[in-house]
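K.L.:
coordinates only, sequence not included:
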C-alpha cells in the first residue's frame, strides 16, 4: 500500500514521462502500480503478444538477406533495427553470431572481403 505522498511522487513521475496519447490510457488509474501495469501491457503487450513478436523478429533475423540494389549502410540499418527490437524483448544474439549472419548474407561481389575477414 502506498501513502498518498508516495503515490503522488510515483504517479507524477510516470505522468511526466509519457506523452498525451498514453496519458489518456492511464488517467483513470488509482495507483502508480496500476499505471505502471497498464503502460507495461501497452508498450510490451501481454506475454502471448511478446512471444509472437519475438517469433516474428527471429524469423526476420533468420531469413535476413541483402535486398537487390541495397547499399551496405541500408542493409546494416535494417539488420540493426531487427537486433534492437529483439533486444528490447530480451532476445539477444552474441556478436559472433551477428557477424556470421551479416557475412553470410552479403552478395557475391563481397566474397573477397568476406574471405579476408
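P.N.:
Yep, that arrived. From a predicted model like this one, the values you see are computed outputs, not experimental measurements. Numbering: from 1, shown residues only.

K.L.:
helix/strand/coil for the closest residue to residue 86 other than its chain neighbours?
P.N.:
Residue nearest to residue 86 in three dimensions, not counting chain neighbours: residue 57, with 5.0 Å by Cβ to Cβ, 6 or more residues apart in numbering. The C-beta positions use only the backbone N, C-alpha and C, and glycine is treated the same way. Classification of residue 57 by DSSP: H, G, I helix; E, B strand; the rest coil places it in helix.

K.L.:
my guess is residue 57 contacts residue 85. True?
P.N.:
Yes - using Cβ atoms under 8 Å, residue 57 is in contact with residue 85, at 5.4 Å.

K.L.:
look at the two and report which has more neighbours.
P.N.:
Shown here are residue 57 and residue 85; by other Cβ atoms under 10 Å, residue 57 has more neighbours (20 against 16).

K.L.:
distance from the chain centre to stretch 97-117, please.
P.N.:
25 Å (Cα atoms, centre = their mean, to the nearest Å).

K.L.:
nope, stretch 74-85 is what I meant
P.N.:
Distance, stretch centre to chain centre, for stretch 74-85: 11 Å (Cα atoms, centre = their mean).

K.L.:
rounded mean pLDDT for it, please.
P.N.:
Mean per-residue pLDDT for stretch 74-85: 96.

K.L.:
let's number from 472 now, not from 1
P.N.:
Yes, from this point I'll number from 472; that puts the last item at stretch 545-556.

K.L.:
contacts for it?
P.N.:
524, 528, 531, 532, 535, 537, 538, 564, 569, 572, 573, 576 (Cβ atoms under 8 Å, 6 or more residues apart in numbering).

K.L.:
which of these sits closest to residue 491?
P.N.:
Proximity to residue 491 was ranked across the contacts of stretch 545-556 by Cβ to Cβ; first place goes to residue 524, at 25.3 Å.

K.L.:
distance-wise, check that closest one relative to residue 556.
P.N.:
8 Å (Cβ to Cβ, to the nearest Å).

K.L.:
same question, residue 505
P.N.:
According to Cβ to Cβ, residue 505 stands 27 Å off from residue 556.
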